[in-house]
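[1] coordinates only, sequence not included:
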């Protein structure tokens, strides 16, 4: 009987020791996975900050101005320089959605209608 109690207590102590070792190994595995995710999160936050900086830099007026000057033959007019804009007459038309009403104030000064802008659908 003493041998059976001894073997049973030995089995029970061994089982508890194995469960404890298994739990400790799982804790280390989860800690490793957590630190790996933490490093990945820090890397993604750094990339996010870098992308935000690049977006702000590329959308700044100075950068857009430099892109316009590089890609297009564009020059700013001088202070007293006259600029002529050539526009084809077929692109100028009245908007269809706006009803033409006579405006008494402008008709008094001799203006027949007001100018209206409409986007081109190409």
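    Thanks, I have it. As the structure is a computational prediction, the values presented were derived from the model and not from experiment.
[2] could you identify the helix or strand that succeeds the helix ranked longest in the chain?
    When the chain is parsed with DSSP state H, its longest helix is helix 2-58. Counting by DSSP states H and E, the next helix or strand C-terminal to helix 2-58 is helix 61-71.
[3] show the average pLDDT along that next one.
    Mean pLDDT, helix 61-71: 71.
[4] one more: stretch 83-95?
    For stretch 83-95, the per-residue pLDDT values average out at 65.
[5] going forward, begin numbering at 20 instead of 1
    Understood, numbering begins at 20; the last thing we discussed is stretch 102-114.
[6] host element of residue 96?
    Counting by DSSP H and E, no helix or strand carries residue 96.
[7] that one against residue 102, yeah?
    Yes. At 5.1 Å, residue 96 and residue 102 qualify as touching, with contact defined as CB atoms under 8 Å. For the C-beta atoms, the positions are set from N, CA and C on the backbone; glycine is no exception.
[8] next, the angle helix 80-90 makes with the longest helix of the chain.
    Helix 21-77 and helix 80-90 are oriented at 60 degrees to each other (axes from the mean of the first three to the mean of the last three CA atoms, to 10 degrees).
[9] could you pull up the mean pLDDT of stretch 25-43?
    pLDDT averaged over stretch 25-43 gives 96.
[10] need the three-state assignment for residue 105.
    Three-state assignment for residue 105 (DSSP: H, G, I helix; E, B strand; the rest coil): coil.
[11] burial measure for residue 81, as a count.
    Burial of residue 81 is recorded as 8 neighbouring residues (other CB atoms under 10 Å).
[12] next one: residue 78
    9.
[13] what's the pLDDT at residue 135?
    Value listed for residue 135 in the pLDDT field: 60.
[14] same question for residue 94.
    Confidence at residue 94, expressed as pLDDT, is 70.
[15] model confidence for residue 67, exactly?
    According to the prediction, residue 67 has pLDDT 94.
[16] next: residue 98.
    pLDDT at residue 98 comes out at 80.
[17] and it, how far is that from residue 74?
    Note on residue 98: its distance to residue 74, by CB to CB, to the nearest Å, is 34 Å.
[18] having no further points to raise, I will conclude here.
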